[in-house]
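**Q** mind folding the following:
(2 chains)
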There are 2 protein chains.
Amino acid sequence: MRAEIIAVGTELLLGQTVNTNATYLSQGLAELGIDVYFQTVVGDNAARIRQAIELARTRADLIMFTGGLGPTLDDLTKDALAEYLNRPIHIHEPSMVKIEALFSSRGIHMVESNRRQANMIEGCDPLDNNAGLAVGNALTIDGTHYLLLPGPPREMKPMFDGPAKAWLREILGEERKLYSRLLKFAGIGESSLEQAIIDLIEQQSDPTIAPYAKEGEVALRISTKAISEQEAVVRLDQAEAQIIERVGKHLYAREDIPLEEAVIRLLRGSGRKLASAESLTGGLFAELVTNIPGSSGEFVGGVVTYTNLMKHKLLGIPMAQLEGPGAPGAVSESTASLMAERVRELTGSDYGVSMTGVAGPSESEGKPVGLVYFAISELGKPTIVHTAQMSGSRGIIRVRVAKAVLYRLWQVLNKVE
Amino acid sequence: MRAEIIAVGTELLLGQTVNTNATYLSQGLAELGIDVYFQTVVGDNAARIRQAIELARTRADLIMFTGGLGPTLDDLTKDALAEYLNRPIHIHEPSMVKIEALFSSRGIHMVESNRRQANMIEGCDPLDNNAGLAVGNALTIDGTHYLLLPGPPREMKPMFDGPAKAWLREILGEERKLYSRLLKFAGIGESSLEQAIIDLIEQQSDPTIAPYAKEGEVALRISTKAISEQEAVVRLDQAEAQIIERVGKHLYAREDIPLEEAVIRLLRGSGRKLASAESLTGGLFAELVTNIPGSSGEFVGGVVTYTNLMKHKLLGIPMAQLEGPGAPGAVSESTASLMAERVRELTGSDYGVSMTGVAGPSESEGKPVGLVYFAISELGKPTIVHTAQMSGSRGIIRVRVAKAVLYRLWQVLNKVE
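**A** Below is the predicted model:
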């Protein structure tokens, strides 16, 4: 089954609202095995809504609308579809009773336009709205299915997950469902990953293998349509095995978790504790790690030593290391090493990590933007220091450094496990 | 001028990515006075991309694409448009040089497909990509304008705001231009702000006053179309004066800067230095502040004391303050106060700020999720402690605390100025 999502609302076209409804519905439809070929956004304009319906009719079996079911004169979705289908609109009595009861319980006078929220196109099944007043509509005409859902996400989501999905499942009957698995990679770029498995991507038709783009993360999604979960698992396992053979050393998770969560889990497993000393990242590393609920069991904290004086005061690094003729400087292998060691000692942790470098926009200590040093200090072992010349804006360099530290730490922790 | 935005990417149709690009572009086009009539999302499929182009040609003068400019075989936007326009594709040499230089500087072998990112449809103007490799394309054919921008927001936004807007302004020529001013507010919620000036929003037709939605920030945009800047400034000043009369004490900037930048500027003006001690925010405050280029002159750094032991070890707070029968606990007014004072003393700064509380997902010390204490310590003055019961997810609570500290600090700094 092919679906098209039509979001109705001028606020979307003005950029005042993000169309998260389309994302939510697309996810839900994918889980039901329904392919979404187009998403459309159209304003609160009857002619253009009709135009969008006409077009969607030619390229989809299921047309899902969000928005335009409310009480105002701008809410035109039901009217436009009714007109397109040449069907009358009636009041859905149970919804009307609910609307009247709400207004009378609040002691507010109900304005006439609120009745519009109980409107039903003739022949529709009503979809209950547990979080609001506008009743949803579902109907099938000439082989095309129409689902009308409200615009506010807190009303739309429960209506979709409840009555709308139930209605769709009945229509789908015993069709095959889509099963998919996400593989997450670190320490490898998106294009290198794709290059390494390009033949698999191109040859595979079932399961399909697709790169999955997400800010600062590299992932693959393996998907197959199957009658049962067992059948799907066998096929997904086979495809995964082929991928692991090529790039398995970069695979850090078989579910949608960030790298920092994989690191926290490894620390948890080994009962070890981590602390950080940050310069150019300014707290970003700590922020990423503490964004994982429950990370205080493994990540104790650390210092943000954004100036040389703080590296001296908070970490006890000699000023002669940081400044003056012949000093290695703040951006150096030896300073990275000292920062990681000192924060580990200071906090009494098993691991200390450090990041120092030039985030930009201009050079520092005569060293170029993007030059970074980061270190991992482990109790009783020699400190490991890495260096890299990174590119991108100030913000991107900061994220990349933090992720690079996480990747190297993940490698270290994987070995000790 | 009528515009249509076509976002290309199967990840959007699978609901894996939210189409924030369409929102960003719609806002930007509205500011230029260009009306967006439709937004479309289409997958990585050449035939369906062409179909979307054909349709957009019938209903828009400007077609803006996002996505599909990358190196992989899924990146089809340029090819699809070139085929539709029946134009050849050439390599843009300066982009090719940039791509090769990047790979050679990193010592990585460049895979052949990366050349695709330098592709240009014949007759295009190139749009520089300052945050990535794929060059943008801009061209006008038979009265229709086409703009091709990359998909990743961190590449798309600077390309749109820089070269793409400049290109569009040239096309718009001597029409009346849209002038607008952004007013940024802190310490007031979006709905409270709107409520305070709802009559102005509704009455004003020129200039228009519109709330401006942006993650964690509250802003108003005043816009007017005028022949000259002088004409615009007079009208914008009048509208601004009416707004300031109502909510002026929350106005922290008349330009699009985050609150942390306003705080850094005030510190710079008074020659004072700031340090932070964070518990529940885990480094987020430091990260926000150090994200402002040049902030090391005013923000020296601080500590992330995510556990009680770290509050003791790094800040010297007595364990008896933090744990045990009758102890105030980590989440308390007195601990917030001590944290701010100790980090100020430890770093030798003029101001120390602290954040402690329960970010969730579960309660801590028998205190509810969302309960936070934050403090501002200033040399020679009594420490100010604030408390709040915040709502939202773990991530939202963390951001709200950091922003609340910035707002209170902004108030303090405004008085000393």
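
**Q** mind splitting chain A into its structural domains?
**A** Domains of chain A are assigned by automatic domain parsing as A:2-172, A:177-253, A:259-416.

**Q** neighbours of the closest residue to A:G297 other than its chain neighbours, how many?
**A** Excluding the flanking residues, the one nearest A:G297 by CB to CB, 6 or more residues apart in numbering or on different chains is A:R268, at 6.5 Å. All C-beta spots, glycine's among them, are computed from the backbone N, C-alpha and C. As a burial measure, A:R268 scores 13 neighbours (other CB atoms under 10 Å in any protein chain shown).

**Q** quick check: A:K273 vs A:Y351, distance?
**A** 7 Å (CB to CB, to the nearest Å).

**Q** quick one: residues contacting the closest residue to A:G43 other than its chain neighbours.
**A** With CB to CB, 6+ apart as the criterion, A:G43 has its nearest non-adjacent residue at 4.2 Å, and that residue is A:T10. A:T10 makes contact with A:G43, A:D44, A:N45, A:D74, according to CB atoms under 8 Å, 6 or more residues apart in numbering or on different chains.

**Q** same check on A:A118?
**A** A:I91, A:H92, A:E93, A:S95, A:M96, A:I99, A:L133, A:V135.

**Q** could you redo the last one with a cut-off of 6 Å?
**A** Going by CB atoms under 6 Å, 6 or more residues apart in numbering or on different chains, A:A118 touches A:I91, A:H92, A:S95, A:M96, A:I99, A:V135.

**Q** check A:L29 too.
**A** A:A3, A:V36.

**Q** residues contacting stretch A:187-194, please?
**A** Contacts for stretch A:187-194 (CB under 6 Å, 6+ apart): A:F185, A:P211, A:V218, A:H250, A:Y407, B:P71, B:T72.

**Q** so the second one, which of the three states?
**A** The one in question is A:P211. strand (DSSP: H, G, I helix; E, B strand; the rest coil).

**Q** run a quick neighbour tally on the closest residue to it other than its chain neighbours.
**A** Leaving aside its sequence neighbours, A:P211 sits nearest to A:E194 (CB to CB, 6+ apart; 5.4 Å). A:E194 is flanked by 24 other residues according to other CB under 10 Å.

**Q** spell out which residues of the stretch 201-350 of chain A are next to chain B.
**A** Along the stretch 201-350 of chain A, the residues adjacent to chain B under the rule CB under 6 Å from any CB of the partner chain are A:213, A:282-284, A:286-287, A:290, A:293, A:296, A:300-307, A:310.

**Q** which of those residues are buried?
**A** A:213, A:282-284, A:286-287, A:290, A:296, A:300-307, A:310 (16 or more other CB atoms under 10 Å in any protein chain shown).

**Q** all helices for the stretch 51-200 of chain A, in order.
**A** Shown for the stretch 51-200 of chain A, the helices assigned by DSSP state H, counting those that start in this stretch span residues A:77-85, A:93-106, A:153-159, A:165-172, A:190-196, A:198-203.

**Q** so what's the gap between the lowest-mean-pLDDT helix or strand in chain A and the chain middle?
**A** Lowest by mean pLDDT, DSSP states H and E among the helices and strands of chain A is strand A:208-214, with a mean of 75. The chain centroid and the centroid of strand A:208-214 are separated by 13 Å under CA atoms, centre = their mean, to the nearest Å.

**Q** and that strand, what does it pack against?
**A** Packed against strand A:208-214 by the contact rule (3 or more CB pairs under 6 Å, 6 or more residues apart in numbering or on different chains; DSSP states H and E) you find strand A:217-226.

**Q** pull out the buried positions in the strand it packs on.
**A** Applying 16+ other CB under 10 Å to strand A:217-226 flags A:V218, A:A219, A:L220, A:R221, A:I222, A:S223, A:T224, A:K225, A:A226 as buried.

**Q** for stretch A:119-138, same thing?
**A** Going by neighbour count (16+ other CB under 10 Å), the buried part of stretch A:119-138 is A:119-121, A:124, A:126-127, A:129, A:132-138.

**Q** which residues sit against that stretch?
**A** Against stretch A:119-138 from outside (CB under 6 Å, 6+ apart): A:69-70, A:78, A:82, A:87-90, A:92, A:95, A:99, A:117-118, A:139, A:147-150, A:154-155, A:158-159, A:163-164, A:167.

**Q** go with 8 Å
**A** With CB under 8 Å, 6+ apart, stretch A:119-138 has contacts from A:69-71, A:78, A:81-82, A:85, A:87-92, A:94-95, A:98-99, A:102, A:114, A:117-118, A:139, A:141, A:145-150, A:152, A:154-155, A:158-159, A:162-164, A:167.

**Q** angle of the helix ranked longest in chain A against strand A:217-226?
**A** Longest helix in chain A, counting residues (DSSP state H): helix A:394-416. Orientation of helix A:394-416 against strand A:217-226 (axes from the mean of the first three to the mean of the last three CA atoms, to 10 degrees) gives an angle of 70 degrees.

**Q** establish whether helix A:394-416 and chain B are in contact.
**A** Yes: with CB under 8 Å from any CB of the partner chain as the threshold, helix A:394-416 lies in contact with chain B, specifically through A:R394, A:G395, A:I396, A:R398.
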